[in-house]
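Asks: missing the sequence, but the structure's below:
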């Protein structure tokens with residue numbers, strides 16, 4: 001466990017993972033802010049909005065992948081059709 005310079009409180013591995021996830025939440029918990037405070041409610045709302053944006057981004061990335069696949073299939077079909085036309089009529 002790590003020790004702080006000014007205090008004797010140890011920092012655990014779970015606190016480090018909480019800090020990496022959300023430094024503000026970790027700080028508020030260390031300072032003893034009650035869980036029902038306005039700041040924590042605001043933080044929860046911000047995390048939910050960020051999660052919604054990530055979900056939307058995931059859906060858009062997935063749709064882009066399908067459109068890319070459709071484009072590749074269209075290109076292959078067009079090349080095969082052009083090759084067939086050239087082979088048949090020339």
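Replies: Thanks, I have it. Remember, it's a predicted structure, so these values are computed and weren't measured experimentally.
Asks: pLDDT (mean, whole number) over the longest helix along the chain?
Replies: Secondary structure of the chain per DSSP state H: the longest helix is helix 38-89. For helix 38-89, the mean per-residue pLDDT is 92.
Asks: name the helices or strands packed onto that helix?
Replies: If you count contacts as 3 or more CB pairs under 8 Å, 6 or more residues apart in numbering; DSSP states H and E, helix 38-89 packs onto helix 23-30. Every residue, glycine included, has its C-beta placed from N, CA and C.
Asks: From residue 25, how far out is residue 18?
Replies: 7 Å (CB to CB, to the nearest Å).
Asks: Now for these two: what residues contact both?
Replies: Common contacts of residue 18 and residue 25 (CB atoms under 8 Å, 6 or more residues apart in numbering): none found.
Asks: what angle sits between the longest helix of the chain and helix 23-30?
Replies: Angle of helix 38-89 versus helix 23-30, following axes from the mean of the first three to the mean of the last three CA atoms, to 10 degrees, is 160 degrees.
Asks: And helix 38-89, how far out from the chain middle?
Replies: When distances are taken as CA atoms, centre = their mean, to the nearest Å, helix 38-89 is centred 16 Å away from the chain's centroid.
Asks: Likewise for stretch 13-23?
Replies: For stretch 13-23, the distance to the chain centre is 17 Å (CA atoms, centre = their mean).
Asks: So which residues make contact with that stretch?
Replies: Contacts for stretch 13-23 (CB under 8 Å, 6+ apart): 1, 25, 26, 29, 30, 43, 47.
Asks: Okay, the most centrally placed residue in the chain and residue 21: tell me how far apart.
Replies: Central residue of the chain (CA atoms, centre = their mean): residue 54, 4.9 Å from the mean position. Distance of residue 54 to residue 21, computed by CB to CB: 14 Å.
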